[in-house]
Each structure stands twice: as structure tokens, then as C-alpha cells.
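**Q** Sharing a model that was predicted from the sequence below.
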Amino acid sequence: MSTPQLVVHRDKELMAEAAAARLITKIVDAQASRGSASVVLTGGRNGNGLLTAIAGSPARDAVDWSRIDLWWGDERFLPEGDPERNVTQAREALLDSVPLDPKRVHAMPASDGPHGSDAEAAAAAYARELAEASVPENHAAVPSFDVLLLGVGPDTHVASLFPEHPGVRETDRTVIGVHGSPKPPPTRVSLTLPAIRSAREVWLLAAGEDKANAVAMALSGAARDPGPGGGCAGAVPHAVAPGHGGGFAVAEVAVPAGFRVVRPGGAPRARRLTDRPRPGHDSPGGACSV
């Protein structure tokens with residue numbers, strides 16, 4: 001995996017617009033070279049903001065929406081159509097307004113689906129669907145996603161892989177049921193780190209000082225070993241570590257007004273402009289690439 005890139009924006013709206021433009025270009029290029037594209041969507045304000053930006057972009061018509069496979073990195077295990085489900089929010093933000101092939105929209109199972117309330121069975125079913133879409137040259141039990149989008153929590157969780165939870169250490173399965181999530185609802189379905197790292201490119205979306213710090217520290221390579229208990233470093237460092245996909249990580253970060261990204265001791269972080277720089281540690285300011 002080549003060097004991760006950190007792209008800093010002054011607010012989340014500009015971040016969404018920039019990421020949307022880049023994603024449209026990536027999809028068009030993939031369709032031109034391979035005939036189709038494969039993208040893993042993320043939920044939350046930043047993921048939905050990106051989809052809304054695509055919906056409002058004239059460039060969206062450059063995409064052949066019938067030749068794209070859409071997957072999800074995680075899902076709240078709730079009934080079909082529940083407004084808190086990521087797929088429900090994605091449909092409202094973009095999917096219902098573009099001519100997708102319904103067979104290529106791969107939503108994670110709902111809690112009122114064929115597997116009922118069994119999140120593990122739902123996860124196993126999604127893993128089978130991913131495996132069926134994989135081909136030998138993918139070198140994994142999932143397709144080689146062109147772009148895999150991830151939100152990032154202040155605790156550095158990605159998808160529904162939370163620090164100190166066993167899912168962070170999963171190495172065999174590609175999809176798991178998550179129980180006891182610190183964020184509601186407590187039951188979820190999530191891709192695992194091996195599945196995430198199969199992507200050609202992993203894009204992290206983060207807005208705010210706390211999330212910017214989580215991304216910057218992860219991309220600097222800090223605390224890449226999660227330790228025996230899952231580790232406070234969370235999943236971000238491992239999501240952007242080299243995998244079978246052979247791609248790289250791009251972090252789109254919106255830093256609040258009054259902050260800039262600096263590199264103390266080699267690990268970028270967000271710092272107030274009123275803070276006194278530390279000679280030899282803090283960079284002159286502005287955006288930095290790591």
C-alpha cells in the first residue's frame with residue numbers, strides 16, 4: 001500500500017463536495033478500465049453528506065449507475081426501512097435518485113429478514129454474498145472494492161469495529177455480528193479488518209478536532225499494534241495497513257475553524273492557532289500529507 005494521504009478541508013461541506021468529486025472520477029475510471037465499479041458505502045453524517053453531494057453534482061451523470069456494485073461496511077441490525085439503517089439513509093440521500101440495478105445494491109440483512117434476530121446468521125449470509133461476487137484474481141473472499149468508505153469515531157473505531165471489542169482482532173471471517181456496541185443500537189453487522197483491507201483504496205471521512213486527531217495519529221503509524229485486549233488505538237491503523245487490495249488510504253478531514261493540522265513529534269494532530277508552536281516539533285501549519 002502506498003503512502004496514505006491526508007487531505008484537510010476547512011469544513012465538512014467542502015469535504016463532502018471534494019470527496020464526492022473524487023469518488024465520481026474514481027467510479028468513471030474503474031468503469032472505463034474494468035467495465036464496472038465496486039464501492040463500499042458508510043453511514044453517518046459524513047457518509048450521507050458525501051452521497052448528498054453526489055446527488056447534487058452535475059458530474060453524477062458521467063457515472064453509468066447500472067454498472068456499479070454497492071456494498072456496506074456496516075449496518076445497524078434493525079428492521080427493513082428503519083430510518084436509522086444506513087441503507088435507508090443512503091437511499092434518501094442518493095440511491096433512489098439514480099438508475100441503479102437493484103441486483104447490484106447489496107444491503108446488509110435486516111433484523112426482520114430471513115435470519116430474524118440472529119445477527120451472526122445475517123453476517124454469515126452477507127459473507128457468502130461477498131464470496132460469490134469475488135473472483136480468483138481478488139485473492140480474497142471478497143471482491144476487490146475500488147473504494148471503501150469509512151467514517152471514523154473519536155475512539156478510532158471504523159465500521160462497527162470498536163476498541164476493546166473482539167471484532168477488532170477477527171482474522172478469519174469477513175463479516176461478523178457485533179453485540180454490545182457502545183453506540184446504539186447495540187447489535188450490528190460489520191465487515192472485518194481483513195475485508196476492509198482487501199479494497200484497492202480505503203477512504204476515511206472525519207470532521208471535527210477529535211476525529212481529525214484520530215485519523216492523523218492513525219495515518220502517522222502510531223500505535224499500530226492493538227495489544228492483547230484490542231488496544232485503545234482502535235481499528236483505524238489496521239484498516240489502512242497494507243492488504244491484498246494493493247491500494248492506499250486517503251483521509252478527508254474537516255478541521256474546525258481556528259485549528260490547523262500540525263506534526264508534533266512526527267504524529268499529525270489538530271492544534272488551535274493560538275497554541276504556541278514547539279520548535280522542532282510543530283510544522284508551519286496548513287494541510288499536511290502523511
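**A** It's in.
**Q** any chance you could map the strands in the stretch 51-200 of the chain?
**A** Listed in chain order, the strands of the stretch 51-200 of the chain (DSSP state E, counting those that start in this stretch) span 68-72, 74-76, 147-151, 175-178, 188-191.
**Q** Of the ones you listed, flag the one that's most buried.
**A** Of the strands of the stretch 51-200 of the chain, the one with the most neighbours on average (mean count of other Cβ atoms under 10 Å) is strand 188-191, at a mean of 31. C-beta here means a position set from N, CA and C on the backbone, and glycine is covered the same way.
**Q** count of residues packed around the residue lying closest to Pro99 once chain neighbours are set aside?
**A** Spatially, and ignoring its direct neighbours in sequence, Pro99 is nearest to Trp65 (5.0 Å; Cβ to Cβ, 6 or more residues apart in numbering). Neighbourhood size, Trp65 [other Cβ atoms under 10 Å]: 18.
**Q** of the strands of the stretch 51-200 of the chain, which approaches Pro109 most closely?
**A** Proximity to Pro109 (Cβ to Cβ) singles out strand 188-191 among these, at 7.0 Å.
**Q** Could you list the paired strands of that closest one along with their orientation?
**A** strand 74-76 (antiparallel), strand 175-178 (antiparallel) (DSSP bridges).
**Q** got a list of contacts for the first one?
**A** Residues from elsewhere that reach strand 74-76, judged by Cβ atoms under 8 Å, 6 or more residues apart in numbering: 42-43, 82, 84-87, 107-108, 159-160, 178, 185, 188-191.
**Q** Lowest average pLDDT across the strands of the stretch 51-200 of the chain?
**A** With a mean of 93, strand 147-151 has the lowest mean pLDDT of these.
**Q** which secondary structure elements does it contact?
**A** Under the contact criterion of 3 or more Cβ pairs under 8 Å, 6 or more residues apart in numbering; DSSP states H and E, strand 147-151 touches helix 12-34, strand 37-41, helix 44-55, strand 201-207.
**Q** give me that answer again for 10 Å
**A** In this structure, strand 147-151 packs against helix 12-34, strand 37-41, helix 44-55, helix 193-196, strand 201-207, helix 236-239, strand 248-254, with contacts taken as 3 or more Cβ pairs under 10 Å, 6 or more residues apart in numbering; DSSP states H and E.
**Q** quick one: strands adjacent to that strand?
**A** Partner strands and pairing direction for strand 147-151 (DSSP bridges) are strand 37-41 (parallel), strand 201-207 (parallel).
**Q** TSV please, covering these and showing mean neighbour count and distance to Val147.
**A** Below are these laid out as TSV (neighbours: other Cβ atoms under 10 Å; distance: least, Cβ to Cβ, whole Å):
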stretch	mean neighbour count	distance to Val147
strand 37-41	24	5
strand 201-207	26	5
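**Q** weakest of those strands in terms of mean pLDDT?
**A** Note on the strands paired with strand 147-151: lowest mean pLDDT is at strand 201-207, with a mean of 87.
**Q** just the buried members of the contacts of strand 74-76?
**A** 42-43, 82, 85-87, 107-108, 159-160, 178, 188-191 (16 or more other Cβ atoms under 10 Å).
**Q** Please report how far Asn138 lies from Leu161.
**A** Separation of Asn138 from Leu161 (Cβ to Cβ, to the nearest Å): 21 Å.
**Q** Who has more neighbours out of these two?
**A** Taking other Cβ under 10 Å, Asn138 and Leu161 do not tie; Leu161 has more neighbours (31 against 17).
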